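After the sequence you'll find the predicted model.
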Amino acid sequence: MAIKKNETSAVSRALLEEEIRQIVLKHFRSFYVERSLHEVFRRVSPNVRWVGSRDEYVARNKEEYIGHMEKELKNVPYGCKMDVLTADCVMLSEDCFSVSGEFEVRIPHTDQIVYFCMRFSIMLAREEQDFMIVSIHTALNDDARAYDAGDVNGESAVRVPEDFRDHDYELYDSLTGLYNLESYKKAVKKYLEENPGKKYAMICTNITHFERVNNLYGIVRADRMLLDLAHMITSFSKGAGICCRSIADHFLLLTEFEDEDQLKRDLNGMCADFRKTICEDYSDAAPRLGVGVCVLDDPGESVDKMVEHVNVARKAIRLNRGSPVIFYDPRVSQKVEKVKEIESSMQIALDQEEFQVFIQPKYDLKTNCISGAEALCRWIRRDGSMVYPDEFIPVFEEDGFIVDLDYYMLEKVCQMIMRRRKEKKPCVSISINQSRILLKDNQYVARIADILSRYKIPSEYIELELTERIFQDDLSEFAQTMSELKKLGIRWSIDDFGTGYSSLNLLKELPVDIIKIDKSFLDETETSEASRVIIRKTVELTRELDKHVVCEGVETESQADYLRNICCDMAQGYLYARPMPMKEFEELLDKETGR
């Protein structure tokens, strides 16, 4: 039986209305259940208007709406469920529909299961060939409900307050459901008063490069990492086990312990587990877990002071290149204050050129003439005082300022070489240290090429130097970047060669031109046959691979003679010259070349 025209129109309209209805429900499910912002925004018009349930919930375009939703997503835990109560679609015209209704969101937490209802009204209009959301109105009902988790299918997660209507967490963190800082302090104070006489420690976590996780992987995956860490910390707790998320990637935990050494081993184990089980999903950001610890020795100490001390220990993690676990003591506090002083003045120091280029020559062991040099950074303040490299370099590597410093050093060296070439003075290849962060920057190769072009520097005069300890991850990504710069004529050297666990692998996998044998081996050649063999075999191997060898830390004639006898190419050390200001190096170079 044929369908009449008006019946066909009614069927088509019903199908279209259902399609529009599903678009709207998908919009909300993507946010509360799937936590997929991509799907949330896919059907949103650039000119959308949104009015929410609070005064600040207003957006006049898609960009503002995205900003609001990205912030609000942090308040939505994983594992939510959504039930549609009503959803009615009305066709306003062939190109415009309105959908209004109500849905309920179920949020799982440890002690409570929280429900809240949302009323909504959404308008969609045809834009080109598709329907897009052009207007959104949402309002929360007043009857948010909370039930004990044990009464609802026996489910559990983390506690939230009963009044969830405006995501107003007075006591708890909105992402993890753990205590927030203020409620944590109160809980700790009460617990310690009621349970005296035991050994307690407070720990505070820090994820190195967590900001990179956010930037590279987005908010949703960064939140996933925080939830995984929250589970790991709460699983670690013993005895008291009071935990909170204070801010960002920092969690606080009060735990009992019996032996301080065992506590340290356990915490090191947790950091190792974090690296094994979580970090592999975020390898490009290279996150690492560190833990600050404060042993509660003074029963009368305030909780505020305990939190202050454990935060000091947490901030000191960046200063410790060994264990990821730092215990608080007054000396740690002094180090943290030093870091704050460095970070507060580093940009001003760069702008005022307090960072000065010192240069240490490298000598050809056959001719005893300068055959190259290494640029070293010295921070000399305007009052003449000096900040030593081992004080500021680790800080800069941690906070990323090392990138600015590395480019600054390269430009200063290029300026010197350009000036000398214009004056028809001799030049030698100069090596400049490069940080690990630079090699992960997509613009690194282009920026190096731009600097060489801008200063008209032949690539033969620039050598980029990497420290062996930076090669901790997959070498392939480093190899690609290094190969691209080698095509420009740049040479690569590896510093501290032999101190890592994969030195031979570096020679095989990376396009290295020069290796620098670490000073520690040379220091032991007079007393250790093993050190002499290592240096001799390293020189033989690298020469067979058509690479050059520099030995650092040469301080005596006997050391120089030994290196000369085993055919080492170059030497660098106090026997020949100490690091010197650039002007003195130029005078030395002119003198040795007869200028």
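Looks like it came in fine.

residue ranges for the helices of the stretch 451-595 of the chain, please.
475-486, 503-509, 519-523, 529-544, 557-565, 582-592 (DSSP state H, counting those that start in this stretch).

which of the residues in the fifth one are buried?
Yep, that's helix 557-565 we're talking about. For helix 557-565, a neighbour-count test (16 or more other CB atoms under 10 Å) marks 559, 560, 562, 563 as buried. All C-beta spots, glycine's among them, are computed from the backbone N, C-alpha and C.

what does the third one give?
For helix 519-523, a neighbour-count test (16+ other CB under 10 Å) marks 519, 521, 522 as buried.

Of those, which is the nearest to residue 450?
residue 519 (34.6 Å; CB to CB).

With adjacent residues omitted, what lies nearest to that closest one?
Nearest residue to residue 519 in three dimensions, chain neighbours excluded: residue 553, at 2.8 Å (CB to CB, 6 or more residues apart in numbering).

if I pick the one you found, what's in contact with it?
518, 519, 520, 522, 523, 572, 573 (CB atoms under 8 Å, 6 or more residues apart in numbering).

In this protein, what helix or strand scores lowest on average pLDDT?
strand 145-148 (a mean of 48; mean pLDDT, DSSP states H and E).

Can I get stretch 545-557 in CSV? Just the C-alpha atoms.
Output in CSV follows, covering the C-alpha atoms of stretch 545-557 (Å, rounded to 0.1, in the frame of the first residue of the first chain):
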residue,chain,number,x,y,z
LEU,A,545,84.2,3.8,13.6
ASP,A,546,85.7,7.0,12.1
LYS,A,547,84.9,9.2,15.0
HIS,A,548,87.1,11.5,17.0
VAL,A,549,88.0,11.3,20.7
VAL,A,550,88.5,14.1,23.3
CYS,A,551,89.6,13.3,26.8
GLU,A,552,88.5,15.7,29.5
GLY,A,553,90.2,16.6,32.8
VAL,A,554,93.8,16.3,31.6
GLU,A,555,95.9,17.8,34.5
THR,A,556,99.4,16.2,34.3
GLU,A,557,102.0,15.7,31.6
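
where's that stretch relative to the chain centroid, distance-wise?
Distance of stretch 545-557 from its chain centroid, counting by CA atoms, centre = their mean, to the nearest Å, is 35 Å.

Could you pull up the contacting residues of the residue most central in space within the chain?
Centroid-nearest residue in the chain, with CA atoms, centre = their mean: residue 209, separated by 1.6 Å. When contacts are counted by CB under 8 Å, 6+ apart, residue 209 touches 285, 286, 287, 288.

buried residues in stretch 539-546?
539, 542.

One more: stretch 423-432?
427, 428, 429, 430, 431, 432.

I'd like these as a markdown table, with distance to residue 583 appended.
Shown next, in a markdown table, are those (distance: CB to CB, whole Å):
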| residue | distance to residue 583 |
| --- | --- |
| 427 | 15 |
| 428 | 16 |
| 429 | 19 |
| 430 | 15 |
| 431 | 19 |
| 432 | 18 |
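
need the strands for the stretch 51-200 of the chain, in chain order.
58-59, 81-93, 96-108, 112-127, 130-140, 145-148, 200-208 (DSSP state E, counting those that start in this stretch).

Reformat those as a markdown table; add mean neighbour count and distance to residue 234.
Converted to a markdown table, the strands of the stretch 51-200 of the chain look like this (neighbours: other CB atoms under 10 Å; distance: least, CB to CB, whole Å):
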| stretch | mean neighbour count | distance to residue 234 |
| --- | --- | --- |
| strand 58-59 | 16 | 36 |
| strand 81-93 | 13 | 23 |
| strand 96-108 | 19 | 15 |
| strand 112-127 | 20 | 17 |
| strand 130-140 | 17 | 30 |
| strand 145-148 | 14 | 19 |
| strand 200-208 | 24 | 12 |
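
least reliable of these going by mean pLDDT?
Across the strands of the stretch 51-200 of the chain, strand 145-148 has the smallest mean pLDDT, namely a mean of 48.

Quick check: which ranges of the stretch 151-300 of the chain have low pLDDT?
Scanning the stretch 151-300 of the chain for pLDDT under 70 picks out 151-170, 238-239.

hmm, who's touching stretch 86-106?
By CB under 8 Å, 6+ apart, stretch 86-106 touches 13, 16-18, 20-21, 24-25, 28, 32, 80-85, 113-126, 131, 141.

helix, strand or coil for residue 382?
For residue 382, the secondary structure call by DSSP: H, G, I helix; E, B strand; the rest coil comes out as coil.

For it, give its distance to residue 345.
Computed as CB to CB, to the nearest Å, the residue 382 to residue 345 distance reads 11 Å.

Alright, calling it a day.
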